Every structure is written in C-alpha cells, then in structure tokens.
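Colleague: Fold the following and give me the result.
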Amino acid sequence: MTWVKWQNYWWRALMLQDKGYEGWQPLGPDPMSQVPNSALARMSLEECVAYLLEDVADSFREMDAEVRVECFTVPDPGPDDVPVYSAQMRTYDA
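Modeller: Predicted coordinates for the structure are as follows:
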C-alpha cells in the first residue's frame, strides 16, 4: 500500500443579499476555517461542503439571499486564487 500525503482544505462562507449591492460578503469573524480532517476521513470534500452549506443556509433562512461555500488548498487564498470546489444555494423564509 502506498501512503499519500493528506490534503488539507480551508473553507469560507459568503452571502449575496438581494437588497444590497455589495456583492458577495464573507460571513463570520474568521476569513477561513479548516475543513475538519475527521469529516474528510468519512466523506468526500463535496459531501463536506454540502453539509457545511446546509448548516450555513439554515442559519440565514430568514433572509432572502444566496449563500456560497468555497474551498481552497491554502488557508489564505489570494484574490486570483480559484476555489478547488464551491457550492451555493438560495435561502428564504418559507
């Protein structure tokens, strides 16, 4: 068996509100959080992002907005860095 170095990922949550023109705004005080290695040991990055996205969206259901979770391989991505994976969903108060 060949061992492969573990790939760490960092994620951030962003929100785009319909009534504002500020564009995508970061959510929370920390710009980036590490995707838990314990989660990555049990599921794919895509499944982790789906779980994180649902959790973020649940927190903002009362707002008419879109939320996005972006993942990077570096903890401090530059403005030109492209996420290795991202997903977004619309939130609304049903």
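
Colleague: Let me know whether residue 67 touches residue 87 as I believe.
Modeller: No. Between residue 67 and residue 87 there is no contact under C-beta atoms under 8 Å: 9.5 Å. Backbone N, C-alpha and C define where each C-beta goes, glycine included.

Colleague: Tell me which of the two has more neighbours.
Modeller: Applying other C-beta atoms under 10 Å to residue 67 and residue 87 shows that residue 67 carries more neighbours, namely 25 against 16.

Colleague: starting at the chain centroid, how far to the strand or helix carrying that one?
Modeller: Element membership for residue 67 (DSSP states H and E) is strand 65-72. Remark: strand 65-72 is offset 4 Å from the chain centroid, using C-alpha atoms, centre = their mean, to the nearest Å.

Colleague: list the buried ones in the helix or strand that comes right after it?
Modeller: Heading C-terminal from strand 65-72, the first helix or strand you meet, by DSSP H and E, is strand 85-91. Along strand 85-91, these residues count as buried under the neighbour rule (16 or more other C-beta atoms under 10 Å): 85-88, 91.

Colleague: Which strands and helices lie in contact with strand 85-91?
Modeller: helix 45-59, strand 65-72 (3 or more C-beta pairs under 8 Å, 6 or more residues apart in numbering; DSSP states H and E).
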